[in-house]
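Peer 1: here is the input, now give the coordinates:
(one chain, ligands or ions: 1)
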Amino acid sequence: MGHKKMKKILVIHGPNLNMLGRREPGIYGSVSLDDINKKIVAVASELGLGADIFQSNSEGAIVDAIQGKAYDLLIINPAAYTHTSIAIRDAIAAVGKPAIEVHISNIHAREEFRQRSFISGVATGQIAGLGIEGYLLAVRAAQKILSK
Ligand code: DQA
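Peer 2: Below is the predicted model:
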């Protein structure tokens, strides 16, 4: 019987997302990053996907992770770097793997400076405004994309 290698997603959380649950809970909710990560791992394993999760407050460390880690599809909430980082955009383009951009809040309904994403142009798609459910929807979309 053929044995397919398990596909692997990499989930990257950008700056300040380590403070989820305590940070502006009116906007970002009261669930901690640890709890979100547990849910991501649970949905991924239910769908037969491996999941590696990485959080950093540093742009360069995020670029290094995008380039250096082994994965088939990237799920990334670049947080504030969404609106500033050509380096993260270029890393995603350089690696050439499918990428799903996730935002907890609806960036399009917030301040003007949040309405521009440097990441969207190199992403397969974007999920914004659905709270932490967005990460779980992204894992489900990842499974579909990787099974094609
Ligand atoms: C965010 C939206 C960004 O504008 C903000 O800088 C964040 C979080 C979100 O998930 O809604 O840190 O990416």
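Peer 1: in the lowest-mean-pLDDT helix or strand in the chain, what's buried?
Peer 2: Taking mean pLDDT, DSSP states H and E as the measure, the chain has helix 25-28 as its least confident helix or strand, at a mean of 92. Using 16 or more other Cβ atoms under 10 Å as the test for burial, helix 25-28 gives Tyr28. Any C-beta I mention is one placed from the backbone N, CA and C, and that applies to glycine too.
Peer 1: so how far is it from its chain's centroid?
Peer 2: Its chain's C-alpha centre and that of helix 25-28 lie 18 Å apart, by Cα atoms, centre = their mean, to the nearest Å.
Peer 1: and for stretch 7-17?
Peer 2: Relative to its chain's centre, stretch 7-17 lies at 5 Å (Cα atoms, centre = their mean).
Peer 1: please enumerate residues in contact with the least confident helix or strand of the chain?
Peer 2: Helix 25-28 is contacted by residues 20, 104-105 when judged by Cβ atoms under 8 Å, 6 or more residues apart in numbering.
Peer 1: count of neighbours near Glu111?
Peer 2: 8 (other Cβ atoms under 10 Å).
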